[in-house]
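1. Model the structure of this input:
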Amino acid sequence: MSGLKIKSRKRGRALDLFQKSFLRGLCVFAVIVLMCVSCKSKPKFSESKLPLPPGVDSGIYEGQFIQVDYGFSFPEPSKWFYLRLSADQEVDEVARFTDAGRQLIARVSVQIRDSSGKFSPKTWGDTAEQDLKNHQFKIAKRESNREKKTADSGSWVIVPFRITDTRAVEWADEEWALPKDDLLIAVHATLPSRIADTEKGRKLFKVLEESLGKITWYTPIGPRGISVER
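-> Numbering: from 1, shown residues only. The predicted structure follows:
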């Protein structure tokens, strides 16, 4: 009798294990089915209507500077130079340009911002002023803001300054800002005052203004957009 009881208990445990295994398999199957249905109803990638950049590295392509990580471009000013970034660049700097005479320096940077927050030209001017002070410049004059409209991105806000460096050299400085979704694109352009006050200097700033006014957009490549493999 005891032998029969032991066999019965073994059969009971085997049946119990079988039922548990069956239930686990059934649950896994149900999860797989749900995932397949979800994948069919919601595609993994949403296609962008913006064109892809012509390369996977930022740089100059057919006269256009293209920043592929953030997906924007603008024409390189005629006869200007695109400078490779160096060790002294700011953390958020993505490009640097200078004119043929190496007088005007334009540094392009990108900051991530809260897209739900309202952009304020005054706040931008205050921030730019404090940044200049942090870099040991003295503010001689802060001029009135002005704007430069773009084709499809609203308007650049431009805050002009007159500043003096630690060697008492005077500079004309323009601080540009363009909010776009969660990005804030900034351009910091400086030119010695002795040149800025001449016709040549005014033309250099005008050339930069015309170039930045033609900013256009691409689908970003990398973490913010599609993968390089795609």
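2. And the lowest mean pLDDT element among the helices and strands of the chain?
-> helix 2-41 (a mean of 46; mean pLDDT, DSSP states H and E).
3. give the contact list for R162.
-> Residues near R162 by C-beta atoms under 8 Å, 6 or more residues apart in numbering: I139, A140, K141, E143, E170, W171, A172, D173, S193. (Glycine included, C-beta is placed from N, CA and C.)
4. quick one: contacts for F81?
-> When contacts are counted by C-beta under 8 Å, 6+ apart, F81 touches F97, T98, D99, A100, R102.
5. Give me the helices and strands touching the helix or strand harbouring the first one, please.
-> It refers to F97. In the assignment (DSSP states H and E), F97 maps to strand 93-98. Applying 3 or more C-beta pairs under 8 Å, 6 or more residues apart in numbering; DSSP states H and E, one finds that strand 93-98 makes contact with strand 64-67, strand 81-83, strand 105-112.
6. coming back round to it: I'd like to know which elements whichever helix or strand comes after the least confident helix or strand of the chain is packed against.
-> The helix or strand immediately downstream of helix 2-41 is strand 59-61, counting by DSSP H and E. If contacts are counted by 3+ C-beta pairs under 8 Å, 6+ apart, strand 59-61 sits against strand 64-67.
7. just checking, I195 is part of a helix?
-> Yes. Assessed with DSSP: H, G, I helix; E, B strand; the rest coil, I195 lies in a helix.
8. Any idea how many residues pack against it?
-> A count of nearby residues for I195, using other C-beta atoms under 10 Å, gives 17.
9. That one and W217, how far apart?
-> As judged by C-beta to C-beta, to the nearest Å, I195 and W217 stand 33 Å apart.
10. what's the answer for E62, then?
-> Distance from E62 to W217, by C-beta to C-beta: 17 Å.
11. quick one: which of those two has more around it?
-> W217 (16 against 8).
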